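structure of the sequence below:
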Amino acid sequence: MHLGALARWLRLLGLDASYRNDATDDALVDKAADEQRTLLSKDRGLLMRRAIAAGGYVRGARPDEQVADVLDRFAPPLRPWTRCTACNGLLPAVDKANVQERLEPGTRRTYDAFALCSDCGRVYWRGAHYQRLQAFVRRFS
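All right, here's what the predicted structure looks like:
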């Protein structure tokens, strides 16, 4: 709970960050064990369960502080722009022709490079918000 923004920012950096805000503690522990994941949490009690092989208490109140904390302690390899920030699926490049019917007319006219989430089907492009997101990526890369 309360780490959804952290998950989205980690995904932007290309990290496999599974997140569900409706999962029970038991479900989180089971998923971490079954998929050999590191469980990140603000709940120290949850992290003390024996079934958790790898876990970390997330420090910081703001998502950027939390990202800095996680990257500093775990030093994972980053692959920015390769994960869907909404669902964590992979983002392969796709030809504009394959997604143009799903684009607004202005987007269709203005942009040529697109990615399509392999899981949820969300379309990505380097729109008006790209510079702000790129600054975030550069800060942590």
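
list the buried residues of the strand or helix carrying residue 6.
Assigned by DSSP states H and E, residue 6 falls within helix 4-12. For helix 4-12, a neighbour-count test (16 or more other Cβ atoms under 10 Å) marks 6-12 as buried. C-beta here means a position set from N, CA and C on the backbone, and glycine is covered the same way.

I'd like the mean pLDDT over that helix, please.
Regarding helix 4-12, the rounded mean pLDDT is 97.

now stretch 73-80
For stretch 73-80, the per-residue pLDDT averages 96.

now the end-to-end length of it.
One end of stretch 73-80 to the other measures 19 Å (Cα to Cα, to the nearest Å).

so where's this structure uncertain?
1 (pLDDT under 70).

okay, strands next: where are they in it?
39-41, 55-57, 93-94, 114-116, 123-124 (DSSP state E).

among those strands, which is nearest residue 74?
strand 55-57 (7.0 Å; Cβ to Cβ).

and that closest one, what other elements does it pack with?
Using 3 or more Cβ pairs under 8 Å, 6 or more residues apart in numbering; DSSP states H and E, the elements in contact with strand 55-57 are strand 39-41, helix 44-47, helix 63-74.

dump these into a markdown table; add mean neighbour count and distance to residue 104 as well.
Listed next are the helices and strands packed on strand 55-57 as a markdown table, based on neighbours: other Cβ atoms under 10 Å; distance: least, Cβ to Cβ, whole Å:
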| stretch | mean neighbour count | distance to residue 104 |
| --- | --- | --- |
| strand 39-41 | 21 | 36 |
| helix 44-47 | 13 | 42 |
| helix 63-74 | 16 | 28 |
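
including distance to residue 86, could these go into CSV?
Listed next are the helices and strands packed on strand 55-57 as CSV, based on distance: least, Cβ to Cβ, whole Å:
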stretch, distance to residue 86
strand 39-41, 19
helix 44-47, 25
helix 63-74, 16
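
would you mind giving the strands of the chain as JSON lines with distance to residue 136 added?
Shown next, in JSON lines, are these (distance: least, Cβ to Cβ, whole Å):
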{"stretch": "strand 39-41", "distance to residue 136": "19"}
{"stretch": "strand 55-57", "distance to residue 136": "21"}
{"stretch": "strand 93-94", "distance to residue 136": "21"}
{"stretch": "strand 114-116", "distance to residue 136": "18"}
{"stretch": "strand 123-124", "distance to residue 136": "15"}
